[in-house]
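Q: pasting the sequence and the predicted model now:
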Amino acid sequence: MRTRDQIFDQNYIDGVFVPVTGEEVVDIVDPATEGAVGQARLANRDDARRAVDAAMRAQPAFGHTSVAERVAILERLQAAMLSQAEAILEATVTEYGGPIARAQWVANYAGQCFGDAARALSSYAFERRVGGSIVVMEPVGVSALFAPWNSTAGTMASKLASAIAAGCATVIKPSELSPWQAHVVARAIHDAGLPPGVVNIVTGRGVDVGAEIGTHPGVAKLSFTGSTPTGKLIARGAVDTMKRVSLALTGKSASLLLDDADLAAAIPLAVGAAFMNSGQACVAGTRLLVPRERMADAVERIRAAVAALRVGDPRDPATTIGPMVNHAQFERVQYFIRRGLEQGATLVAGGEGRPDGLDRGWFVRPTVFADVRNDMDIARDEIFGPVLSVLPVDSEVEAIAVANDSPYGLQAYVFSADADRARRVAARLQAGTVLINRVAPDLLAPFGGVKQSGVGREFGVAGMEAFLEAKTITTA
Ligand code: NAD
């Protein structure tokens with residue numbers, strides 16, 4: 001059943017839902033139908049300041065909770081989030097058109113990450129002897145968590161899990177495009193019964209609410225996920241008070257098909273990596289590097305794999321590609337498809353316009369270009385839609401050079417029949433994560449980017465350590 005006329009006009013501050021005082025009201029539009037399904041009132045700077053104040057009041061006591069207390073909190077959060085999985089699913093599918101299988105994954109992950117954090121916390125050595133000193137790992141302090149619209153519940157939950165494990169009170173600033181998802185997550189957090197002020201949630205625009213939180217002197221740490229241009233603004237705003245900063249940013253990830261790869265197995269995986277979450281994924285493998293002598297075979301297999309994708313209603317379990325989040329993102333994808341044609345790439349599948357039979361909704365055609373050069377816009381810029389660029393390479397050395405010739409370095413994929421060879425290639429790739437013959441991430445291992453894809457790591461122990469700081473105590 002499609003839920004209609006949702007109204008979201010509350011912030012979550014100091015353990016209670018309170019009316020938003022901001023005056024801007026926005027429609028929530030289902031991108032699959034272009035129809036409004038509800039409205040949200042966006043928070044303003046006053047709301048943001050109240051949220052930070054509440055977190056500042058909560059921090060001293062929360063920062064001194066025991067490991068056992070925080071493990072118990074994380075377990076309650078996991079249970080509460082899993083009990084809201086259906087509601088998270090509904091919000092994710094309706095608010096940004098996430099295909100239901102992907103949305104299901106996000107909803108499960110939003111619960112599971114609290115369990116992962118509890119395990120990391122339970123076995124962590126907060127006190128160690130180093131030289132003649134005791135080194136104590138302490139919570140960094142009030143932490144602001146910024147989430148994008150493309151995996152709202154997952155990002156909010158994963159950052160929160162790490163911050164809670166470390167003992168940091170938080171202010172969460174979800175995207176202004178995600179008020180429904182943010183509200184459902186807030187309800188689950190409320191149900192978990194945390195001390196007031198440990199989690200505060202204000203949904204508003206970046207330009208005012210984000211900027212207020214991101215520059216507030218009471219905030220010690222910023223953990224941001226979003227685009228590289230916004231990440232640079234965040235980092236600049238943090239400098240005045242020397243906030244600690246973790247940035248998870250833009251990607252333009254390469255998939256390297258080595259000349260010994262089993263194409264029958266590798267191509268469907270590589271196509272899946274390119275088009276995951278309808279291409280609206282930071283880790284999408286949108287540059288596929290193919291040995292020139294295997295190009296014809298690879299292109300035929302890519303064409304077949306793309307023809308098997310199902311574009312349409314994100315609620316249909318058979319759908320693999322849902323709509324773009326909004327009109328602006330639809331237009332952005334159209335622009336890049338035109339740029340690909342203008343700059344001389346060869347269209348293999350898809351192209352401009354909507355898919356046949358889909359006249360409403362921000363649906364685009366899954367598009368593949370061959371004969372792409374790495375200096376074309378479609379190879380350099382993150383499109384954030386289902387557009388795959390296929391580039392020919394003449395050697396493994398060239399493949400590595402092309403993969404690394406990018407301002408970004410979030411994730412890379414290597415396909416090869418030889419695991420040792422793939423590992424040698426992985427060692428030379430400039431990427432935070434390299435996946436070999438697979439596309440599913442390891443959610444316990446550190447996740448983050450190199451170069452302009454970000455600073456710092458998330459998930460598991462590394463994620464918790466991003467909210468900790470070492471204090472050295474040396475006794476005479
Ligand atoms: P965005 O940068 O526009 O916004 C991200 C968040 O920052 C939103 O909450 C937004 O309101 C806020 N914001 C905007 N301006 C701000 C400011 N001046 N101060 C503080 N906050 C501000 O990104 P988006 O369009 O929401 O998300 C898509 C982008 O996120 C893509 O580039 C994608 O690659 C990236 N992303 C990265 C990862 C990762 O883990 N590396 C994961 C998901 C998405």
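A: Perfect, thanks for sending it.
Q: elements contacting the host helix or strand of G340?
A: Here G340 sits within helix 327-342, counting by DSSP states H and E. Helices and strands touching helix 327-342, by 3 or more C-beta pairs under 8 Å, 6 or more residues apart in numbering; DSSP states H and E, are strand 346-351, strand 365-370, helix 377-380, strand 387-393. The way it works is simple: take the backbone N, C-alpha and C, and place the C-beta from them, glycine included.
Q: and the ones you listed: which comes nearest I201?
A: strand 387-393 (33.5 Å; C-beta to C-beta).
Q: got a list of what the closest residue to T433 other than its chain neighbours touches?
A: Counting by C-beta to C-beta, 6 or more residues apart in numbering, Q411 is the residue found nearest to T433 once chain neighbours are left out, at 4.6 Å. By C-beta atoms under 8 Å, 6 or more residues apart in numbering, Q411 lies in contact with G251, S253, V283, G285, A431, G432, T433, V434, L435, G449.
Q: neighbours of the fourth one, just the number please.
A: Burial measure for G285: 27 neighbouring residues, criterion other C-beta atoms under 10 Å.
Q: test my guess that it contacts L257.
A: No: using C-beta atoms under 8 Å, G285 makes no contact with L257, being 10.6 Å away.
Q: quick revisit: look up phi and psi at the residue nearest to T433.
A: Main-chain dihedrals, Q411, degrees, to the nearest 10: phi -140, psi 160.
Q: who in the stretch 101-250 of the chain is up against the ligand?
A: Neighbours of the ligand within the stretch 101-250 of the chain, by C-beta under 6 Å from any ligand atom: 146-151, 173, 175-176, 205-207, 210-211, 214, 225-227, 230, 233-234, 248-250.
Q: so which other helices or strands are in contact with the lengthiest helix in the chain?
A: In the chain, with assignment by DSSP state H, the single longest helix is helix 100-122. Secondary-structure packing of helix 100-122 (3+ C-beta pairs under 8 Å, 6+ apart): helix 67-83, helix 85-96, helix 152-166, helix 460-465.
Q: so for it, what's the average pLDDT?
A: Mean pLDDT, helix 100-122: 96.
Q: burial of D208, as a residue count?
A: D208 has 18 neighbours, counted by other C-beta under 10 Å.
Q: what score does it have for pLDDT?
A: So D208 comes in at 97 (pLDDT).
Q: so what's it up against?
A: N44, R45, A48.
Q: hang on, the second one packs against G210?
A: This means R45. No: with contacts defined as C-beta under 8 Å, R45 does not count as touching G210, sitting 10.2 Å away.
Q: give me the more crowded residue out of those two.
A: Neighbour tally, R45 and G210, criterion other C-beta under 10 Å: the higher count belongs to G210, 25 against 17.
Q: spit out the contact partners of that one.
A: Applying C-beta under 8 Å, 6+ apart, the residues near G210 are F146, K173, G204, I234.
Q: which ones among the residues you listed map onto helices?
A: I234.
Q: need the contacts of G210 in JSON lines with neighbour count and distance to G454, can you?
A: Shown next, in JSON lines, are these (neighbours: other C-beta atoms under 10 Å; distance: C-beta to C-beta, whole Å):
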{"residue": "F146", "neighbour count": "27", "distance to G454": "12"}
{"residue": "K173", "neighbour count": "29", "distance to G454": "17"}
{"residue": "G204", "neighbour count": "28", "distance to G454": "23"}
{"residue": "I234", "neighbour count": "26", "distance to G454": "11"}
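Q: for the lowest-mean-pLDDT helix or strand in the chain, name the packing helices and strands.
A: Here the helix or strand of the chain ranked lowest by mean pLDDT, DSSP states H and E is strand 6-8, holding a mean of 92. Counting by 3+ C-beta pairs under 8 Å, 6+ apart, the packing neighbours recorded for strand 6-8 are strand 35-41, helix 179-191.
Q: report all helices and strands that the shortest one contacts.
A: When contacts are defined as 3+ C-beta pairs under 8 Å, 6+ apart, strand 35-41 packs onto strand 6-8, strand 25-30, helix 179-191.
Q: let me know the next secondary structure element after that strand.
A: helix 45-62.
Q: relative orientation of that following helix and helix 67-83 in degrees?
A: 140 degrees (axes from the mean of the first three to the mean of the last three C-alpha atoms, to 10 degrees).
Q: pull out the buried residues from helix 45-62.
A: 45, 47-59, 62 (16 or more other C-beta atoms under 10 Å).
Q: out of those, who's nearest A117?
A: F62 (15.0 Å).
Q: surely the closest one meets T170?
A: No: using C-beta under 8 Å, F62 makes no contact with T170, being 9.6 Å away.
Q: in the stretch 251-400 of the chain, what residue comes closest to the ligand?
A: Of all residues in the stretch 251-400 of the chain, C282 sits closest to the ligand, at 3.2 Å by C-beta to the nearest ligand atom.
Q: spit out the contact partners of that residue.
A: N150, T225, A248, L249, T250, G251, E382, L410, S453.
Q: can you redo the residues you listed as CSV with pLDDT?
A: Converted to CSV, the contacts of C282 look like this (pLDDT from 0 to 100):
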residue, pLDDT
N150, 92
T225, 98
A248, 98
L249, 98
T250, 98
G251, 98
E382, 98
L410, 98
S453, 98
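Q: and the two most separated of these?
A: N150 and S453 (15.1 Å).
Q: more crowded one of those two?
A: S453 (28 against 24).
Q: what sits against P323?
A: Contacts of P323 (C-beta under 8 Å, 6+ apart): P31, A32, G97, S278, P314, F330, G361, W362, F363, V364.
Q: most neighbours among those residues, please name it.
A: Of the contacts of P323, with other C-beta under 10 Å as the count, S278 tops at 33 neighbours.
Q: ok, back up a step: now tabulate the contacts of D208 in JSON lines and tack on pLDDT.
A: Shown next, in JSON lines, are these (pLDDT from 0 to 100):
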{"residue": "N44", "pLDDT": "98"}
{"residue": "R45", "pLDDT": "98"}
{"residue": "A48", "pLDDT": "98"}
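Q: which one of those residues is nearest to the ligand?
A: For these, the nearest to the ligand is A48 (10.1 Å; C-beta to the nearest ligand atom).
Q: now for that closest one: which residues touch it?
A: Contacts of A48 by C-beta under 8 Å, 6+ apart are V171, K173, V202, G204, D208, V209, E212, I213, H216.
Q: find the nearest non-adjacent residue to the second one, please.
A: So that's K173. In space, K173 is closest to F146, 5.0 Å off (C-beta to C-beta, 6+ apart).
Q: ok, T92 next?
A: A103 (4.0 Å).
Q: please identify the buried residues of stretch 405-418?
A: Here stretch 405-418 shows S406, Y408, G409, L410, Q411, A412, Y413, V414, F415, S416 as buried, counting by 16+ other C-beta under 10 Å.
Q: and the residue nearest to T92, how many residues sit next to it?
A: Neighbours of A103 (other C-beta under 10 Å): 29.
Q: ok, it touching R315?
A: No: checked against C-beta under 8 Å, the pair A103 and R315 is beyond contact range at 9.3 Å.
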